[in-house]
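Asks: I'd like to go over a predicted model; first the sequence, then the structure.
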Amino acid sequence: TTPTVYIPVVEQPAVQEDRDRALQMLLLQHQCYEDEPGMNLRKGILNELDILVKQWIRSEGLRQSMNWNQVEQVGGKVFCYGSFKLLVVDKESDLDLLCVVPKHVTREGFFKNLYELLGKKDEVTELRQLPWAFVPVIKMKYRGIEVDLTMARMVGLEKIPEVEEYLLMPLVTRDLDQKCLRSLNGYRATCELLQLVPSVEKFRLTLRMVKLWARKNGLYGNMLGFLGGASWAILVAKVCQMAGVEGSLGSCVNLLHLFFYTFAKWNWPDPVYIKKIEAQSYLAWNPAMNHFDREHAMPIITSSAPQMNSAVNVTRTNCKLITAKFEEALGICQAVLEGTRPWSDLFRPTNFFEEFDNYVLMSGTCRGDSCLWFGSIESKLRQLNHHIGSCPKVSSVRVWPQPFVRKDGHSFQQMWFFGVKMIVGHSAETIQEPLHVFTDLCMETVKNTSSPYASSFSVFWQHVPRPQLSRFLTNPELGISKIDKLSYAAVTLGQGSTMTNPVVVTGTQSMAGYANTTTVRSPVPQNEFRQVPTPISRVYPTHIPGLGVQNCIVYSLAAPHPGPLLPNHVLAGDHPTYLSHQQFNDISRPPNQFFGTFQPPNRSHPSPRPGGYPLVQPQVAPDLFPRPSQGLPGHKSPQTPAHQMSSKPRASPQYPP
């Protein structure tokens, strides 16, 4: 039977406003909003690059002996899209920009002449280009902000207008080559999202909550086989459409519950559409015509023509993992609506480093051009994850998409971890060949890299049992809290009112500053407090009546708390204790899925340790905190139960009648 869709009842405005403010307070605690100086910085970058591109377009025209008046009239423009266009920017967001140029400007000039101009600017660091990517792009840091600059060449226009609306016209896509069309569709899909949802503000707040949840659960990142920002935005837009105008008038709490309800029960690989276009080119996603499209595990289709699958990198294993996480989040949402759990439980970080007994560390080091080298390694990790999982002795494998960054003087290091579960009776140490092939492939790319630091590029791997993770990661990165006891003097002075379980606020980025813990004043909690009696109160129960103020201690691993973006009364929140996650049975992998294309590489080079390549000692993070004998129990990442993996098709939730 077709599952019914949860359609919330329209709430009173006061209740709706209070619920949404509670969600906004959680976003503020996790620093999910960019502040005003950060937004102004991004606007300034957009304006500066727009001026630079206009100057470069004029130079290209004069180089081709065009008339000066004609050069001045053809124009050119840089437009923003992505999270900045949707106004869902956080402090870690990059800046997606589209460079629209007239027909006399070529792609070769974009990757040569404009690239050279950018390299001469002091504001630009870590400049690199990917001309052969599916969407060709110039990547850089501009005034410290990550910028992705793509190009679309308008061959059908004599002049590039300054207004954006013309880019949404169907005639604009005529005669565009495929690379320009894919670049342009990133902008067009972003604009259409805002037009296809009933309430833009509800869409934005819900999208922020979903993206925060995805990062906390290690499900965010298109490059490593999970869902990227575009895919999450399409899923949220789909839910907003299903709720309709009436549903969007209620609180985002209802939309968040509907989101997890819908996609926990979605029958993948049924595609998710937010807009259907009948007449399209052969390049559009169409499993009836293109047999490669039939292999896609999680089709999430863009709205702009030709419509493409934004989640093409998601594997069937990751699809099952994401679905299991949806089901887990749905249970938490239902408990929140029943009043038995707080919303903060939904955004507790998944302790990836307690889920497996064995891990594989993949680490890259260099002395410069770190983004170039680490980006080259990261682009191959998805295939490595697939190759490890194809080994007959491996039951399951999962890569954590967030890298861990280290810097020691002039040396940079970046580490990724794979959690590996072996079939009973086999050791993780037997996983060798895929790792050797991966390091050889990475070092082969160095030969074609034009970097003055190429000689310092290195990559190595190592098997790490769970008890040895503390050699490479700090306790906060491992999810181990450090709770300090109050001194006798502090208790005597009446500082004994503490939360029964102090909350560890962890960030989603790995930085050196994680090791610095500070004690901060928390918002007024809703938890029940345990009063610690002082020695004097045992004799004189009524002593110093003015000391009845409740103080709570929160161990924060984040940077100093920024100034509030909302009124002060919004900043009150609750900090509940940890609750055990639902456990799921593991799924055995058939033993006949070994990746058969691996060939034994030449092992003539010496190696000081398994996977060492070349002879460079890795920079290991110092053990800043003593590691306890065991981590927090009960935090296991759920797997899809075997009894739920039925081959019988079921209908996905659809639009309400």
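Replies: Structure received.
Asks: next, the buried residues of the lengthiest helix in the chain.
Replies: Longest helix in the chain by number of residues (criterion: DSSP state H): helix 36-63. Across helix 36-63, burial judged by 16 or more other C-beta atoms under 10 Å covers 41-42, 45-46, 49-50, 52-54, 56-61. The way it works is simple: take the backbone N, C-alpha and C, and place the C-beta from them, glycine included.
Asks: which residue ranges of the stretch 401-550 of the chain form helices?
Replies: 433-446, 475-478, 488-492, 535-539 (DSSP state H, counting those that start in this stretch).
Asks: can you list the buried residues in the first one?
Replies: Judged by neighbour count (16+ other C-beta under 10 Å), helix 433-446 contains these buried residues: 433-439, 441-442, 446.
Asks: how about residue 99: what's its closest non-neighbour residue?
Replies: residue 151 (4.6 Å; C-beta to C-beta, 6 or more residues apart in numbering).
Asks: is residue 365 in a helix, a strand, or coil?
Replies: The three-state label given to residue 365 by DSSP: H, G, I helix; E, B strand; the rest coil is strand.
Asks: next, count neighbours for it.
Replies: Residues lying near residue 365 (other C-beta atoms under 10 Å) number 23.
Asks: about what we covered before: state the distance from the residue nearest to residue 99 to residue 117.
Replies: Using C-beta to C-beta, to the nearest Å, we find residue 151 at a distance of 14 Å from residue 117.
Asks: need the longest strand for this structure.
Replies: What stands out as the longest strand in the chain, according to DSSP state E, is strand 411-422.
Asks: buried set for that strand?
Replies: Residues 411-422 are the ones in strand 411-422 that count as buried (16+ other C-beta under 10 Å).
Asks: closest to residue 134 out of those?
Replies: residue 416 (22.1 Å; C-beta to C-beta).
Asks: who's the closest one bridged to?
Replies: Beta-bridge partners for residue 416, by DSSP bridges, are residue 362.
Asks: circling back to that earlier point, confirm the residue nearest to residue 99 sits in a strand?
Replies: Yes. Looking at residue 151 with three-state DSSP, it is inside a strand.
Asks: need the pLDDT of it.
Replies: What the model reports for residue 151 is a pLDDT of 95.
Asks: just to check, it is in contact with residue 101?
Replies: Yes. Assessed by C-beta atoms under 8 Å, residue 151 is found in contact with residue 101 at 6.3 Å.
Asks: overlap of the contact sets of the two?
Replies: Residues touching both residue 151 and residue 101 (C-beta atoms under 8 Å, 6 or more residues apart in numbering) are residue 110.
Asks: against residue 169, how distant is the residue nearest to residue 99?
Replies: In terms of C-beta to C-beta, residue 151 sits 19 Å off from residue 169.
Asks: and the longest helix of the chain, what does it pack onto?
Replies: Secondary-structure packing of helix 36-63 (3 or more C-beta pairs under 8 Å, 6 or more residues apart in numbering; DSSP states H and E): helix 68-74, strand 77-81, strand 95-102, helix 115-119, strand 137-142, strand 145-154.
Asks: now it, how far from the centre of its chain.
Replies: 27 Å (C-alpha atoms, centre = their mean, to the nearest Å).
Asks: nearest residue to residue 304 other than its sequence neighbours?
Replies: Distance criterion C-beta to C-beta, 6+ apart; nearest residue to residue 304, sequence neighbours excluded, is residue 188 at 4.0 Å.
Asks: residues touching the residue nearest the centre of the chain, list them.
Replies: The structure's the chain has its C-alpha centroid closest to residue 220; by C-alpha atoms, centre = their mean the separation is 3.4 Å. By C-beta under 8 Å, 6+ apart, residue 220 lies in contact with 211, 214, 226-229, 232, 401.
Asks: are any of those buried, and which?
Replies: So, by 16+ other C-beta under 10 Å, the buried ones in the contacts of residue 220 are 211, 214, 226-229, 232, 401.
Asks: so which of those residues comes closest to residue 474?
Replies: residue 401 (19.1 Å).
Asks: which residue is the nearest non-sequential neighbour of residue 125?
Replies: According to C-beta to C-beta, 6+ apart, the nearest residue to residue 125 is residue 141 (4.7 Å).
Asks: same question, residue 435
Replies: In space, residue 435 is closest to residue 461, 4.6 Å off (C-beta to C-beta, 6+ apart).
Asks: kindly state the beta-bridge partners for the one you found.
Replies: Beta-bridge pairing for residue 461 (DSSP bridges): residue 362.
Asks: isn't it up against residue 438?
Replies: Yes. Under the criterion of C-beta under 8 Å, residue 461 makes contact with residue 438 at 7.4 Å.
Asks: hey, what's in contact with both of the two?
Replies: Counting by C-beta under 8 Å, 6+ apart, the residues touching both residue 461 and residue 438 are residue 362.
Asks: re the thing from before, what about the buried ones among the contacts of residue 220, which are in helices?
Replies: Residues from the buried ones among the contacts of residue 220 lying in helices, with DSSP H as the criterion: 211, 214, 229, 232.
Asks: closest to residue 19 among those?
Replies: Nearest to residue 19, judged by C-beta to C-beta, of those is residue 211 at 19.1 Å.
Asks: and stretch 155-169, how far out from the chain's middle?
Replies: Distance of stretch 155-169 from the chain centroid (C-alpha atoms, centre = their mean) equals 32 Å.
Asks: so what would you say the end-to-end distance of it is?
Replies: This stretch, stretch 155-169, spans 15 Å end to end (C-alpha to C-alpha, to the nearest Å).
Asks: name the residues that touch it?
Replies: Here stretch 155-169 makes contact (C-beta under 8 Å, 6+ apart) with 73-77, 79, 100-103, 154, 171-172, 174-176, 184, 187-188, 191-192.
Asks: go again with 7 Å.
Replies: 73-77, 79, 100, 102-103, 154, 172, 174-176, 184, 187-188, 191 (C-beta atoms under 7 Å, 6 or more residues apart in numbering).
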